[in-house]
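Q: sequence first, predicted coordinates after that:
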Protein chains: 2
Amino acid sequence: MENIKQYVQENKERFLQELIELLKIPSVSADSAYAHDVIMTAEMVKSSLEKAGCDFVELCETPGYPIVYGEKIIDKNLPTVLVYGHYDVQPADPVELWTSPPFEPVIKTTDIHPEGAIFARGACDDKGQMYMHVKAFEYMIATNTLPCNVKFMIEGEEEVGSKSLGWFVERNQEKLANDVILISDTGMISNTQPSITTGLRGLSYVEVEVTGPNRDLHSGLYGGAVANPINILTKMIASLHDENNHITIPGFYDNVEELSVEERAEMAKAPFSLEKYKNALAIEDVHGETGYVTNERNSIRPTLDVNGIWGGYTGEGAKTVIASKAFAKISMRLVPNQDWEDITELFKNHFESIAPKSVKVVVKPHHGGQGYVTPIDSVGYRAANKAYTETFGVPAIPVRSGGSIPIVSLFEKELKSKTILMGFGLDSDAIHSPNEHFGVFNYLKGIETIPLFYKYFTEMNK
Amino acid sequence: MENIKQYVQENKERFLQELIELLKIPSVSADSAYAHDVIMTAEMVKSSLEKAGCDFVELCETPGYPIVYGEKIIDKNLPTVLVYGHYDVQPADPVELWTSPPFEPVIKTTDIHPEGAIFARGACDDKGQMYMHVKAFEYMIATNTLPCNVKFMIEGEEEVGSKSLGWFVERNQEKLANDVILISDTGMISNTQPSITTGLRGLSYVEVEVTGPNRDLHSGLYGGAVANPINILTKMIASLHDENNHITIPGFYDNVEELSVEERAEMAKAPFSLEKYKNALAIEDVHGETGYVTNERNSIRPTLDVNGIWGGYTGEGAKTVIASKAFAKISMRLVPNQDWEDITELFKNHFESIAPKSVKVVVKPHHGGQGYVTPIDSVGYRAANKAYTETFGVPAIPVRSGGSIPIVSLFEKELKSKTILMGFGLDSDAIHSPNEHFGVFNYLKGIETIPLFYKYFTEMNK
């Protein structure tokens, strides 16, 4: 497929410009203030699929944001690839830490991206990686080399738990019938060492509210005599980890899959420099569960992190107040066999049980999803590996990611097909952070590699 | 002094209207956005003193907000009363919890205030209580009954640590020379049981910042592997109290004055209902230091409270992020003999010492002040008690307050005179909280009582 390289080179500027236009729309699904922008983005994705060559494209209404569905069926007897991606993005705050506005994309070079990277919220997660598939599809149509059927399902609620997608998939098994699901919403080790994500962590996201007195109080007149909900909340959260950074919720580890010595030895082969890792984050030391190394802590072990905390006076200057309420957003990353709904229930019961009588506690489950592990001997994995090997010159390494794509396990349950996670991003792309970016090299390399997956997947299925 | 009652009745509406005008200006000293309003309030206080009959009034420039100084010297050989108060107020937030706008004063009746109370930020603390003195002074001038000299010193930074006042007092000992300092910035037990505050707690207010990674991180890719500054901050704060709610900072209790069994028995005589206390705050249980009852925990014991905490994503919906930084505002109420600067240093050293290597910690001292205890056998105390006894029909009870007026101990040091805390507010007035209010009864009763203090203080000095 030499001419794909050529096609990408000839259309490079247009491919970049089209992505930049898509990135200009702030499709933040977590904040209803952006509802109109989210819809506009869905419309834009729809028309891009039409232009690329789908026979049929529609915006599917859901209880939440619409799902963009498109398809090109060339022969019922050929295999079908279902491409999944999302057009919504994470909130951009803290906006003041961005070196350029999050929704005014610019291309800047970095040490890792000498050819330049597109800086914008969603550049990598997931507009950039999703759009690679649209452009790869455009190429196969334009050159009449599409070897199988393809379906696109691009959603707008991935960053808030994909609730509507679950609802949609359960109701459209036939429409979505496929032989393999292809997703680019993960990363790879480096631009010289591709990798395929074979495992994802599950997620349970909750919000907690601690109420002390029925109103804010003067800390002088009441300090020391009534429960301060912020102090109580810090005690409760602190107690969720013991001195070894094990999570203390009873039953939390019951179903955690313990990897064998061999499996852990295999994982340890992935290139990793603790010094580089610490330097990149400007930290003097890492911090995690006793008995596990960094690459295990962030992939095969479950975690509990506070994602946000607030209460009392947080403005300029000083206010001597005891707040009536304190809040925290807490998420737990789960490993295969931990059921997110069970874990959410365990958290709720435990957190409520450790609250002293002097406060009231409410735990609101937010969203979640199951973890996932995919075998490396499937046709899909082998086809993806062959595609990477051809474009990068070296085979991909299978890695377990710490991230979550809750919907993947639902796909397997509802659609009975395996998911292949062909990611082209890098850990350093700062997804979910200020200054998110996506390498121009990675974007174009993805467009080059994807058609090869279609080719080998179809051949291997013959 | 029968005609004071009559004078108050005849001028009641005007007294209320003048205070309401003063309360309309949002003189929030903690927030520079209100700088202009703070200055306007100073101007208004200045003109009110001129109208009331001062010979000389001026706005004294300081490094911060101006101090309103006024005086009426009738005879160098007569005693001089120095009245202190403040025209700045606490921030109004959380504004959404106010039943009427904080800077649009309205008079509403409550169970405790059947004659109505003025609802507005600063109604009680301290515009209302400060203005009682202006109106009491107006009466003594109008009826030619002022028995001694009077000086007014009304500042605009009490809610942010009175820094400029300290600067001013140190430089103006002669100008401020007096025989007693009179302050109404405290409360009394109830409208039928007056009390005089004989003790105040000191204060140390700090802000802490915990930094983990140099940028916000994806909680899936990094969760469990790097220190989450919010989790670390909760551990650090939680560790500041042990299981008996003793503060764990080494040396914190070294100079704490332990009251005798007799003194504690004396305190226990003050009327108090734990049930009413809990019901008023809608709490199932109180919470505090083992070995002490509520009225001791909030007055004779030092405390440590988080006044505000923030970090990570606190907006609508969910964001799976590990924040780069987490913050908290922490204040400690101190008892006599605890030096606030020593305690601030102890806190700083301890808090920095308990930080794990995986984070960086910065402790910024904010402001503070010493505690204070006044004897009940002084001329000032006896004069105040006689005044209360006459207007309320029962003698005042001496009480130790949990609040802080940092400047009081500085007055004693710099001006060599005792302070009498003639407070007319109630604990239920919700100072520093939404819906702060001040009873019309209390406001007018204060105006009635103050001239009697002048009368008896002068007589007792003869």
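A: In hand now; what should we look at?
Q: near chain B, which residues of the stretch 101-250 of chain A show up?
A: A:159-161, A:187, A:201, A:203, A:205, A:212-228, A:230-235, A:237-239, A:241 (Cβ under 8 Å from any Cβ of the partner chain). To be clear about C-beta, it is placed using only N, CA and C from the backbone, and glycine gets the same treatment.
Q: quick check on those: which are buried?
A: Taking 16 or more other Cβ atoms under 10 Å in any protein chain shown as the criterion, what is buried in those is A:159-161, A:187, A:201, A:203, A:205, A:212-213, A:215-228, A:230-235, A:237-239, A:241.
Q: in helices, which of those fall?
A: If you go by DSSP state H, those have A:219, A:220, A:221, A:222, A:230, A:231, A:232, A:233, A:234, A:235, A:237, A:238 in helices.
Q: need the strands for the stretch 301-450 of chain A, in chain order.
A: Assigned by DSSP state E, counting those that start in this stretch, the stretch 301-450 of chain A shows strands spanning A:303-312, A:321-322, A:325-334, A:360-369, A:372-373, A:397-400, A:419-421, A:437-439.
Q: of the ones you listed, give the one that comes closest to chain B.
A: Nearest of the strands of the stretch 301-450 of chain A to chain B, taken as Cβ to the nearest Cβ: strand A:303-312 at 3.4 Å.
Q: how many residues are close by residue A:67?
A: As a burial measure, residue A:67 scores 27 neighbours (other Cβ atoms under 10 Å in any protein chain shown).
Q: please apply the same query to residue A:461.
A: For residue A:461, using other Cβ under 10 Å, the count is 15.
Q: return the backbone torsion pair for the closest residue to it other than its chain neighbours.
A: Distances taken as Cβ to Cβ, 6 or more residues apart in numbering or on different chains put residue A:79 closest to residue A:461, at 4.7 Å, once the chain neighbours are dropped. The phi and psi values for residue A:79, taken as degrees, to the nearest 10, are phi -60, psi 160.
Q: neighbours of residue A:79, just the number please.
A: Neighbours of residue A:79 (other Cβ under 10 Å): 19.
Q: show me what contacts it?
A: Applying Cβ atoms under 8 Å, 6 or more residues apart in numbering or on different chains to residue A:79 gives the contacts A:148, A:149, A:179, A:180, A:457, A:458, A:461.
Q: now the farthest one out in chain A, which residue is it?
A: Residue farthest from the centre of chain A, counting by Cα atoms, centre = their mean, is residue A:221 at 47.5 Å.
Q: that residue contacts residue B:400, correct?
A: No: counting by Cβ atoms under 8 Å, residue A:221 stays clear of residue B:400, with 11.5 Å between them.
Q: ok, which stretches of the stretch 51-200 of chain A are helices?
A: A:127-142, A:163-171 (DSSP state H, counting those that start in this stretch).
Q: before we move on, back to that, could I get the strands of the stretch 301-450 of chain A in TSV, plus columns for mean neighbour count, distance to residue A:348 and mean pLDDT?
A: Output for the strands of the stretch 301-450 of chain A, formatted as TSV (neighbours: other Cβ atoms under 10 Å in any protein chain shown; distance: least, Cβ to Cβ, whole Å; pLDDT from 0 to 100):
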stretch	mean neighbour count	distance to residue A:348	mean pLDDT
strand A:303-312	25	13	98
strand A:321-322	29	26	94
strand A:325-334	25	11	97
strand A:360-369	18	4	93
strand A:372-373	21	24	86
strand A:397-400	20	28	88
strand A:419-421	26	30	96
strand A:437-439	29	37	98
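Q: pretty sure residue A:232 contacts residue A:359?
A: Yes: using Cβ under 8 Å, residue A:232 is in contact with residue A:359, at 5.2 Å.
Q: tell me, what's touching the two both at once?
A: Common contacts of residue A:232 and residue A:359 (Cβ under 8 Å, 6+ apart): A:210, A:212.
Q: who are the contact partners of the closest residue to residue A:213 other than its chain neighbours?
A: If you skip the residues right next to it in sequence, residue A:213 has residue B:281 as its closest partner in space, 4.1 Å away by Cβ to Cβ, 6+ apart. Residues in contact with residue B:281 (Cβ under 8 Å, 6+ apart) are A:213, A:214, A:215, A:217, A:226.
Q: ok so, going back, PyMOL command for the buried members of the contacts of residue A:79?
A: Buried residues among those (16+ other Cβ under 10 Å), as a PyMOL selection:
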select buried, chain A and resi 148+149+179+180+457+458
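Q: lowest-confidence entry in the contacts of residue A:79?
A: Minimum pLDDT for those is recorded at residue A:461 (91).
Q: okay, that residue and residue A:361: tell me how far apart.
A: From residue A:461 across to residue A:361, the span is 54 Å (Cβ to Cβ, to the nearest Å).
Q: can you redo the contacts of residue A:79 as a markdown table with distance to residue A:264?
A: Formatted as a markdown table, those follow (distance: Cβ to Cβ, whole Å):
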| residue | distance to residue A:264 |
| --- | --- |
| A:148 | 38 |
| A:149 | 40 |
| A:179 | 33 |
| A:180 | 29 |
| A:457 | 31 |
| A:458 | 36 |
| A:461 | 34 |
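Q: inside strands: which ones of the contacts of residue A:79?
A: If you go by DSSP state E, those have A:149, A:180 in strands.
Q: neighbours around the residue in the stretch 1-150 of chain A that chain B sits nearest to, how many?
A: Taking Cβ to the nearest Cβ, chain B has its nearest neighbour within the stretch 1-150 of chain A at residue A:30, 3.2 Å off. Residues lying near residue A:30 (other Cβ under 10 Å) number 20.
Q: next up, the contacts around it.
A: Shown in contact with residue A:30 (Cβ under 8 Å, 6+ apart): A:90, A:91, A:159, A:160, B:315, B:316, B:317, B:318, B:319.
Q: find the nearest non-adjacent residue to it, please.
A: Per Cβ to Cβ, 6+ apart, closest to residue A:30 is residue B:317, 3.2 Å.
Q: what's the burial count for the one you found?
A: A total of 19 residues lie near residue B:317 under the criterion other Cβ under 10 Å.
Q: of the contacts of residue A:79, closest to residue A:371?
A: Residue A:371 lies nearest to residue A:180 out of the contacts of residue A:79, by Cβ to Cβ, at 19.8 Å.
Q: quick check: the closest one vs chain B, distance?
A: Residue A:180 sits 24 Å away from chain B, taking Cβ to the nearest Cβ, to the nearest Å as the criterion.
Q: so that residue makes contact with residue A:420?
A: Yes: using Cβ under 8 Å, residue A:180 is in contact with residue A:420, at 6.1 Å.
Q: and for those two, which residues touch both?
A: Common contacts of residue A:180 and residue A:420 (Cβ under 8 Å, 6+ apart): residue A:380.
Q: for chain A, what are the low-confidence residue spans?
A: Residue ranges of chain A with pLDDT under 70: A:1-2.
Q: rerun at 50
A: For chain A, applying pLDDT under 50 flags no range at all.
Q: give me the phi and psi for residue A:10.
A: Main-chain torsions, residue A:10, degrees, to the nearest 10: phi -70, psi -30.
Q: what's the burial count for it?
A: Other residues within reach of residue A:10, judged by other Cβ under 10 Å, total 11.
Q: list the contacts of it.
A: Per Cβ under 8 Å, 6+ apart, neighbours of residue A:10: none.
Q: that one and residue A:49: what is the separation?
A: Residue A:10 is 21 Å from residue A:49, by Cβ to Cβ.
Q: if we can go back for a sec, go through the helices of the stretch 51-200 of chain A and pick out the most buried.
A: Mean neighbour count, computed with mean count of other Cβ atoms under 10 Å in any protein chain shown, is highest for helix A:127-142 among the helices of the stretch 51-200 of chain A, reaching a mean of 24.
Q: for that helix, packing partners?
A: helix A:2-23, helix A:35-52, strand A:80-86, strand A:149-155, helix A:440-461 (3 or more Cβ pairs under 8 Å, 6 or more residues apart in numbering or on different chains; DSSP states H and E).
Q: got the ones you listed as CSV, with distance to residue B:107 columns?
A: Below are the helices and strands packed on helix A:127-142 laid out as CSV (distance: least, Cβ to Cβ, whole Å):
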stretch, distance to residue B:107
helix A:2-23, 56
helix A:35-52, 43
strand A:80-86, 56
strand A:149-155, 56
helix A:440-461, 66
